[in-house]
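Novice: Coordinates for the following, if possible.
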Amino acid sequence: MKLGLQLGYWGAQPPGNAGELVAAADEHGFDAVFAAESWGSDAFTPLAWWGSSTSRVRLGTSVAQLSARTPTSCAMHALTLDHLSGGRAILGLGVSGPQVVEGWYGQPFARPLARTREYVDIIRQVLAREAPVVADGPHYPLPYTAEGATGLGKPLRPITHPLRADLPIWLGAEGPKNVALAAEIADGWLAVYFSLRMADQYNSWLDEGFATPGARRSRADFEVAAGAQVIVTDDPAAAYAGIKPILALYLGGMGAPELNFHATLFRRMGYDAVVDEVGERFRAGRRDEAAAAIPDELVDDIAIIGTAEDVRTRIGQWEKAGVTMLVVGCGSTAEIEALASLVAG
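Specialist: Sure, this is the predicted structure:
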């Protein structure tokens, strides 16, 4: 099992010890570190800054939001980071949700699957650098010829030669069609919340993508990176309590009531009543009550918490279910060292 360190996106200020965490991850055998973005800090700049002092660990966006950049701009970011890091970049992409896409980026959210397919195709053209980049659209037409165009647009290829044409592209996905699309056109899947309860369904969705004619990968060379809190403790109740406020935010506040992909995922796990109650309390401003409405069982479904032996057993179960990397959040270098030793042991 590989380990990835999730640095996430920034709150009101940059995190104080991220550089130390990245150095520890590089030293203790973590495979990758990841940075995210929402509507504040971006995902690429922290990786370039913190990655400059590392030599081995891969640098991934988890995730870069499609609507934040045109596909050619995103490809420029990725190929630049790949050169600066000596070929260690992973381009993790995600569609986000309509509140962010339309409210922050001012872009239409409709047809996310089709947009993702077009977006990835254009990025791969840039990275291949075999010919000037062209795209028929309808979402990202190149050259642009619609209303307001000058008619002077010219197909171009990148001035900078990409370091790798096969720079890995991973998709953040939660629904069946998105997960299948990841297996069809990408090199890996970033699973925001993985659960053994859902493993058979996840694998059936992936298999659907692998079976598509022209699929890029097979299960043998496809990476499944599952986000998870992995906590070794003799007091699991305290660990559950610490995770519940974050879950309440994602279930109740990261999306519109009528379209929240995280909430939909937990409904698929069988937590309809919990999702309804958490959402109602969170939107009413009763955030502590929203967190309290989340049962320990739900947390246990998507986290690995317990004694060292319990954690080893659970990690083995996740690996058997198809997970190739655990993407974990760690607050200290001691946690990173302990987790690396546990997995290695």
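Novice: Skip the chain neighbours and tell me the closest residue to L342.
Specialist: Excluding the flanking residues, the one nearest L342 by C-beta to C-beta, 6 or more residues apart in numbering is A308, at 6.0 Å. C-beta: built from backbone N, CA, C; applies to glycine.
Novice: what about that neighbour, distance to S195?
Specialist: Computed as C-beta to C-beta, to the nearest Å, the A308 to S195 distance reads 22 Å.
Novice: Looking at the two, which has the bigger crowd around it?
Specialist: S195 (22 against 14; other C-beta atoms under 10 Å).
Novice: Spell out the residue ranges of the helices in this structure.
Specialist: For the chain, the helices defined by DSSP state H cover 18-27, 44-51, 71-84, 98-103, 112-128, 176-185, 199-210, 236-252, 261-268, 272-283, 287-292, 296-302, 308-320, 333-344.
Novice: CA atoms only for the lowest-mean-pLDDT helix or strand in the chain - export them in CSV, please.
Specialist: Every helix and strand in the chain was compared by mean pLDDT, DSSP states H and E; the lowest is helix 261-268, with a mean of 87. Output of helix 261-268 as CSV, limited to C-alpha atoms (Å, rounded to 0.1, in the frame of the first residue of the first chain):
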residue,chain,number,x,y,z
PHE,A,261,-22.3,15.0,-4.6
HIS,A,262,-20.9,14.1,-1.2
ALA,A,263,-24.3,13.8,0.3
THR,A,264,-25.4,11.6,-2.6
LEU,A,265,-22.5,9.3,-2.0
PHE,A,266,-23.5,8.7,1.6
ARG,A,267,-27.1,8.1,0.6
ARG,A,268,-25.7,5.3,-1.6
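Novice: got a list of contacts for it?
Specialist: Applying C-beta atoms under 8 Å, 6 or more residues apart in numbering, the contact partners of helix 261-268 are 97, 174-175, 192-193, 198, 201, 250-252, 254-255, 274-275, 279, 298.
Novice: try it again with 6 Å
Specialist: E174, Y193, Y250, L251, M254, V275 (C-beta atoms under 6 Å, 6 or more residues apart in numbering).
Novice: Where is pLDDT lowest across those residues?
Specialist: By predicted confidence, the contacts of helix 261-268 are weakest at M254, whose pLDDT stands at 76.
Novice: From A182, how far off is that residue?
Specialist: For M254, the distance to A182 equals 20 Å [C-beta to C-beta].
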